[in-house]
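Q: Kindly generate the corresponding structure for this input.
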Amino acid sequence: MFLGELNFKPLVLNFIVFYNPDNDIFIVIFIDDCLFIGFNINKINAIKKKIAKEYIIEDRGSVAYFLEV
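A: Below is the predicted model:
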């Protein structure tokens with residue numbers, strides 16, 4: 001799987017959540033949506049660029065979009 005190549009590991013109790021201990025980023029996947037969670041936006045953007053080289057992605061902005069806040 002591509003996320004494994006980026007050093008993301010699925011959580012043991014929840015296989016839709018992936019964690020990368022090198023950059024402290026979580027990715028939550030639900031059907032065809034992903035939520036990136038981390039403290040450093042630059043690291044998140046770097047991961048998104050790597051994923052965008054393999055897949056067509058659309059950035060919908062901050063988490064407020066998903067939470068409808």
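Q: Check the residue most central in space within the chain and give its pLDDT.
A: For the chain, the residue nearest the mean C-alpha position is Ile27 (3.2 Å; Cα atoms, centre = their mean). At Ile27, the model reports a pLDDT of 93.
Q: and what of Phe39?
A: At Phe39, the model reports a pLDDT of 92.
Q: Just give me the neighbour total for it.
A: 9 (other Cβ atoms under 10 Å). Just so you know, the C-beta spots here come from the backbone N, C-alpha and C atoms, and that holds for glycine as well.
Q: Likewise for the one 10 residues further on?
A: Residues near Lys49, counting by other Cβ under 10 Å, number 10.
Q: can you list the weak-confidence ranges in the protein?
A: 1, 64-69 (pLDDT under 70).
Q: At which residues are the strands of it located?
A: 9-10, 17-20, 25-30, 33-37 (DSSP state E).
Q: which of the ones you listed sits most buried?
A: Among the strands of the chain, ranked by average contacts under mean count of other Cβ atoms under 10 Å, first place goes to strand 17-20 (a mean of 18).
Q: So which elements touch it?
A: Strand 17-20 sits against strand 9-10, strand 25-30, with contacts defined as 3 or more Cβ pairs under 8 Å, 6 or more residues apart in numbering; DSSP states H and E.
Q: could those strands go into TSV alongside distance to Asn45?
A: Below are the helices and strands packed on strand 17-20 laid out as TSV (distance: least, Cβ to Cβ, whole Å):
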stretch	distance to Asn45
strand 9-10	21
strand 25-30	11
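Q: between those strands, which gets nearest to Phe36?
A: When the helices and strands packed on strand 17-20 are compared by Cβ to Cβ, strand 25-30 sits nearest Phe36, at 5.7 Å.
Q: related to what we said a few turns ago, turn the strands of the chain into TSV, columns for distance to Phe2.
A: Conversion of the strands of the chain to TSV gives the following (distance: least, Cβ to Cβ, whole Å):
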stretch	distance to Phe2
strand 9-10	13
strand 17-20	11
strand 25-30	11
strand 33-37	12
